[in-house]
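In: Sequence plus the predicted model coming up.
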Amino acid sequence: TGQTITSAGKTFGSHIYFNGTGGGWTLQDAFSSTTKNVYLQRGDLNTNSQNFTTYAFLSNYTLTRSLTLGASNVTCTGSGADGTYGTVAWSMAGSGYTFSAGTSTINISSTSSAELYTGNQSYNIVIFQSVSATQNLTGGVFFSSVLFKGTTGNVTTTNATINALTFQQVGNTGGNGNIY
């Protein structure tokens, strides 16, 4: 536990796996893996309010893990590069995990269709940046703000509260018991 990561302006060129029983990692500066996925499999990752950029963030396991974002600006530039996750740009789901969004902003900037799969957690600000692709939000229980800039935005949640939901083009909402 207690490991720190200093990227010193470098971009990681391969998939990154955080996988250590009892492991802990805290970012010391901006983290970038723009063309490869980041997998949180086991252990505690704290972005420490640093900018965090990845192709896709994927953590859909039954292993013990946690993610703390603080005030990070998170950007996912693609979606599911390994084929297992399809169009998923962000997945924090499964079981055995804790998640703290803090005051973070999650930007999904994939130029193709992308999905943010949130499990049953609370998020602060989520922005789907693409103006030309269908974007999907699935899961979640609370969002301060969700913005869809693309041609079509889809929200599929159940019993979720979204304080500010904005579709700049076409928007669809589904699920039961939601408050917008």
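Out: That came through fine. Numbers count the residues shown, from 1 in each chain.
In: alpha carbons only for contacts and neighbour counts from here, please
Out: OK.
In: Let's check: the centremost residue of this protein is which one?
Out: What sits nearest the mean C-alpha location of the chain, by CA atoms, centre = their mean, is W90, with 3.8 Å.
In: pull the helix or strand with minimum mean pLDDT from the chain.
Out: None of the helices or strands of the chain scores lower by mean pLDDT, DSSP states H and E than strand 114-117, at a mean of 87.
In: partners of the helix or strand following that one in the sheet?
Out: Using DSSP states H and E, the helix or strand that directly follows strand 114-117 along the chain is strand 122-128. Using DSSP bridges, the strands paired with strand 122-128 in its sheet are strand 105-108 (parallel), strand 142-148 (parallel).
In: Show me the contact partners of the shortest one.
Out: Residues from elsewhere that reach strand 105-108, judged by CA atoms under 8 Å, 6 or more residues apart in numbering: 71-78, 89, 114, 116, 124-130.
In: which residues sit against the least confident helix or strand of the chain?
Out: Outside strand 114-117, the residues that reach it (CA under 8 Å, 6+ apart) are 78-79, 87-93, 108, 133-140.
In: how does it look with 6 Å?
Out: Residues lying outside strand 114-117 but in contact with it, judged by CA atoms under 6 Å, 6 or more residues apart in numbering, are 79, 87-91, 135-139.
In: List the neighbouring strands of the strand ranked longest in the chain plus their orientation.
Out: Using DSSP state E, we find that the single longest strand of the chain is strand 16-27. Paired neighbours of strand 16-27 in the sheet (DSSP bridges): strand 3-5 (parallel), strand 38-46 (parallel).
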